[in-house]
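[1] I need the structure of the sequence given here:
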Amino acid sequence: MRRWHGGTATKMKPHAGNGYLGASADAIRAHYDRGTGFYELWLDQSLTYSCALWGGAASLEAAQLQKNDFHIETAEASGSARVLDVGCGWGSMLERLVTRHRVANAVGLTLSRDQALFVARKEIPGVEVRIENWAHHSAEVPYDAIICVGMLEHCAHIKLEGDAKIAAYREFFARCHSLLRGGRCLSLQTICFGTLRKLDSFIRDRIWPESNLPCLHEIVMASDGLFEIEKLKADRLDYARTCDSWAGNLERQRERALKVAGEAVVSDYLRFLKMSAKAFETGALSLYRVKMRRLGP
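    You can find the predicted model right below:
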């Protein structure tokens with residue numbers, strides 16, 4: 001069964017039970033809705049826009065596939081009835097869940113209209129995509145597993161600091177806790193601040209408007225009492241290599257990209273990808289993959 005839902009994503013006002021404190025839908029779409037055709041020029045064939053897991057993989061596509069399998073196995077999702085992918089992108093994880101790992105129903109959440117339409121048009125049996133904020137998502141039946149790759153970076157607004165920032169992340173973990181069956185797992189992948197503690201103004205203003213990055217200790221504090229951290233994998237060099245691969249692809253496709261997106265966008269993204277690769281190489285930024293098991297009844 002395939003459904004494409006239009007949700008309440010454009011109105012991000014707090015309501016009873018949650019106070020959404022992350023980047024707005026408009027800010028998210030400013031990045032992801034630049035046109036799928038642009039991203040197709042420099043991502044891998046699966047359109048996976050997050051850090052790959054290299055580990056001997058011979059190509060970017062193989063490394064992205066390996067990353068998806070890693071998170072599915074970490075979440076103990078194989079063979080499950082229902083799995084939630086928070087921030088599902090162009091759907092590579094959703095497709096892998098149902099076609100390879102025998103998941104009956106994979107539900108993806110995104111705020112990008114381009115991404116949702118792309119997934120819906122593929123009409124993959126068992127995949128359901130919704131234009132919906134995680135903070136507004138509810139389920140009549142709890143999920144057997146939750147996967148969240150590259151979305152936590154948007155959960156806290158750039159203006160939040162200290163306790164207020166941790167509270168924003170706690171809203172996310174509390175929502176996941178309420179959606180997940182007791183004793184089941186959340187597999188999380190996120191960029192974190194390393195030695196850096198503030199985003200460059202170019203990244204903040206031209207690439208990721210309104211979005212912030214967590215520090216590792218903020219994730220630990222925000223999830224305390226809700227999830228137990230079972231495994232933590234630090235893979236910043238994998239992200240450096242991924243960004244290098246993307247930048248190389250975009251440079252090779254530059255002429256086509258100029259026709260699709262224009263000089264300003266292409267130049268901005270090349271600068272962004274090269275800056276990011278260097279930040280991960282030096283430890284200014286980190287990349288963590290985390291296995292978290294739900295606590296409580």
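
[2] what's the closest non-adjacent residue to Arg170?
    Of all residues not flanking Arg170 in the chain, Ala222 sits nearest, at 4.2 Å (C-beta to C-beta, 6 or more residues apart in numbering). For every residue, glycine as well, the C-beta is placed using N, CA and C.

[3] got it, and Arg96?
    Asn68 (4.6 Å).

[4] and that neighbour, how many neighbours does it have?
    25 (other C-beta atoms under 10 Å).

[5] swap in Asn249?
    17.

[6] contacting residues around Cys215?
    Counting by C-beta atoms under 8 Å, 6 or more residues apart in numbering, Cys215 touches Cys192, Phe193, Arg197.

[7] Just confirm Phe272 contacts Asp200, I think it does.
    No - checked against C-beta atoms under 8 Å, the pair Phe272 and Asp200 is beyond contact range at 9.4 Å.

[8] The two: who's more crowded?
    Phe272 (19 against 15).

[9] So which bits of stretch 159-166 are buried?
    Leu160, Lys165, Ile166 (16 or more other C-beta atoms under 10 Å).

[10] so the first one sits in a strand?
    No - per DSSP: H, G, I helix; E, B strand; the rest coil, Leu160 lies outside any strand segment and is coil.

[11] and it, what are its phi and psi?
    Dihedral angles of Leu160 (phi, psi; degrees, to the nearest 10) stand at phi -80, psi 140.

[12] now the helices: where do they sit in the chain?
    25-32, 36-40, 60-74, 92-99, 113-122, 162-179, 201-202, 216-223, 236-252, 254-261, 263-282 (DSSP state H).

[13] For Pro297, find the nearest of these.
    Pro297 lies closest, by C-beta to C-beta, to one member of these: helix 162-179, at 11.0 Å.

[14] Report the contact partners of the residue lying closest to Lys67 once chain neighbours are set aside.
    Nearest residue to Lys67, sequence neighbours excluded (C-beta to C-beta, 6+ apart): Leu53, at 3.8 Å. Leu53 sits next to Ala63, Gln64, Gln66, Lys67, Phe70, Asp235, Asp238, Arg289 when contact means C-beta under 8 Å, 6+ apart.

[15] which stretches of this structure aren't confidently modelled?
    Across the chain, residues meeting the criterion (pLDDT under 70) sit at 1-19.

[16] Let's see that with 90 instead.
    Judged by pLDDT under 90, the chain has its weakly predicted residues at 1-21, 297.

[17] Which of the contacts of Cys215 fall within strands?
    Cys192, Phe193 (DSSP state E).

[18] Switch the contacts of Cys215 over to JSON lines; also include distance to His136 and neighbour count.
    Below are the contacts of Cys215 laid out as JSON lines (distance: C-beta to C-beta, whole Å; neighbours: other C-beta atoms under 10 Å):
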{"residue": "Cys192", "distance to His136": "26", "neighbour count": "20"}
{"residue": "Phe193", "distance to His136": "28", "neighbour count": "18"}
{"residue": "Arg197", "distance to His136": "31", "neighbour count": "9"}
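
[19] Go ahead and confirm Leu43 touches Cys243.
    No - with contacts counted by C-beta under 8 Å, Leu43 stays clear of Cys243, the gap being 11.7 Å.

[20] picking that back up, tell me the one of the buried residues of stretch 159-166 nearest Asn133?
    Taking the buried residues of stretch 159-166 together and measuring to Asn133 by C-beta to C-beta, the closest member is Leu160, at 16.6 Å.

[21] Report the contact partners of that closest one.
    Neighbouring residues of Leu160 by C-beta under 8 Å, 6+ apart: Leu21, Ala168, Asn212.

[22] And Lys67, by the same measure?
    Thr48, Ser50, Cys51, Ala52, Leu53, Val149, Gln189.

[23] For Trp54, see how far away it is.
    9 Å (C-beta to C-beta, to the nearest Å).

[24] Enumerate the positions of stretch 256-266 that are buried.
    Going by 16+ other C-beta under 10 Å, stretch 256-266 has these buried residues: Arg256, Ala257, Val260, Ala261, Val265, Val266.

[25] end to end, how far does it reach?
    10 Å (C-alpha to C-alpha, to the nearest Å).
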